[in-house]
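>>> got a predicted structure plus its sequence, pasted below:
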Amino acid sequence: MRRRSLLLAAVPAGLATLAACGDGKSDSSKAGASASPTASAPPPPKIVEGPLPPITAGTKFGEKPTVAKGQGDPSKDLAVKTVIPGSGHSVAENDFVQANYLGQIWATGKVFDNSYDRHRPLVLQLAQGSIIDGWRYALTGKKAGSRVQIAVPPTWGYGKSGNAQAGIKGTDTLVFVIDVIDSFNSKSSVKGKPVPQNDAALPTVGTNTDGKAPDIKIDGKSAPPKKLVSNYVLEGDGPEVKADQAVLCQFKGVVWASGKTFQQTYGSGRLAQFSLEQMQQAVKGLAQGLTGKKVGSRVLVVVPPDLGYGNTPPSGGVVQKGSTLVFSVDILAAM
């Protein structure tokens, strides 16, 4: 069973399936919303440069670090240091961040969580309620490719209740080393290489990479395929998506027969994040069509009715019984 990161304050914002999609106008179709503020939210912290314990091994970006135990009392403010400056784009609040990290307790040096051993970077949204506030404030404005070290007091960590699962007390300051690999937002597109779309019987998908919705053109004279189609439009060079992973993506879905869009992330200000295992229960063909495809790719997926909604489409939308569905999916990240 895949271990859930201890960092998450709640289920990651944006977790969604297509089971409840309608005409693209309802809020359920706009995946990726940030969590709503709560009355108990602490005020923004004062950010200071230290103190921070030294990193004694694994000092290069991407290496699992070893961090010394904290000496003396930690700051009551949020300590943030860019250990290795990156040259990528700056991270903004509410962006999704892909990162490797190690977390330990200041007073004892006990490591309570890290992603390096799992060989799967964490992908999370820097939104209130989705992640501990210390990360949200510390990483905003940092550039992709940076290694950032932070010390998080309880106020912007797990609060007075701590986290018993991780052995964190309500008085513990937490030390993190974070390698910011990349970040994504609603204007993100993949940057893969165009692949020829030579089958005249299949829809063609636009290859624009400006964060706007690609055109999906369907020849109304062609009959839809009876079997699942999954083809690269833009082929990336990332790792292949595995069936037990979740993906972060931009997507657009249209109905073959009418060409009408029934759901998309474009223009919503949000991204979609979903588990392929969960998607198997909603639109099985979409999950199957993304499995094995490379991160950083745009994929055309044509889903026949028996792998889509079949005879039980969402009510009130443009998807009818027996509809063939056509998706363009930008696979931004997998986790």
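Yes, it's here.
>>> now stretch 307-321, how far from the centre of its chain.
A distance of 27 Å separates the centroid of the chain from that of stretch 307-321, by C-alpha atoms, centre = their mean, to the nearest Å.
>>> just stretch 83-99 next, same as before
Centroid displacement of stretch 83-99 relative to its chain, using C-alpha atoms, centre = their mean, is 13 Å.
>>> buried stuff in it?
Of the residues in stretch 83-99, those buried under the neighbour-count criterion (16 or more other C-beta atoms under 10 Å) are 83, 86, 91, 94, 95, 96, 97, 98, 99. Every C-beta, even on glycine, is put in place using the N, C-alpha and C of the backbone.
>>> state the next helix or strand along the chain beyond the least confident helix or strand in the chain by mean pLDDT.
None of the helices or strands of the chain scores lower by mean pLDDT, DSSP states H and E than strand 122-125, at a mean of 92. Going down the chain from strand 122-125, the next helix or strand is helix 133-139, by DSSP states H and E.
>>> list the buried residues in that next one.
Buried positions in helix 133-139, judged by neighbour count with 16+ other C-beta under 10 Å: 133, 134, 135, 136, 137, 138, 139.
>>> can you check stretch 141-149 too?
Of the residues in stretch 141-149, those buried by neighbour count under the rule 16+ other C-beta under 10 Å are 142, 143, 144, 145, 146, 147, 148, 149.
>>> so what pLDDT did the closest residue in space to residue 264 that isn't next to it in sequence get?
Taking C-beta to C-beta, 6 or more residues apart in numbering, and ignoring the residues beside it in sequence, residue 264 has residue 252 as its nearest neighbour in space, at 4.1 Å. Among the per-residue scores, residue 252 holds a pLDDT of 97.
>>> residue 252 belongs to a helix?
No: assessed by DSSP: H, G, I helix; E, B strand; the rest coil, residue 252 does not belong to a helix; its assignment is strand.
>>> distance of it from residue 302?
Counting by C-beta to C-beta, to the nearest Å, the gap between residue 252 and residue 302 amounts to 13 Å.
>>> joint contacts of those two?
When C-beta atoms under 8 Å, 6 or more residues apart in numbering defines a contact, the residues bordering residue 252 and residue 302 alike are residue 327.
>>> most distant residue from the middle of the protein?
Among the C-alpha atoms of the chain, the one most distant from their mean position (C-alpha atoms, centre = their mean) is that of residue 221, at 37.8 Å.
>>> quickly find the element holding that one.
When the helices and strands are read off by DSSP H and E, none of them contains residue 221.
>>> which residues does the residue nearest to residue 264 contact?
So residue 252 contacts 213, 214, 216, 261, 263, 264, 265, 266, 327, 328 (C-beta under 8 Å, 6+ apart).
>>> what's the burial count for the first one?
Spelled out, that is residue 213. Counted with other C-beta atoms under 10 Å, the burial measure for residue 213 works out to 18 neighbours.
>>> thank you kindly, that will do.
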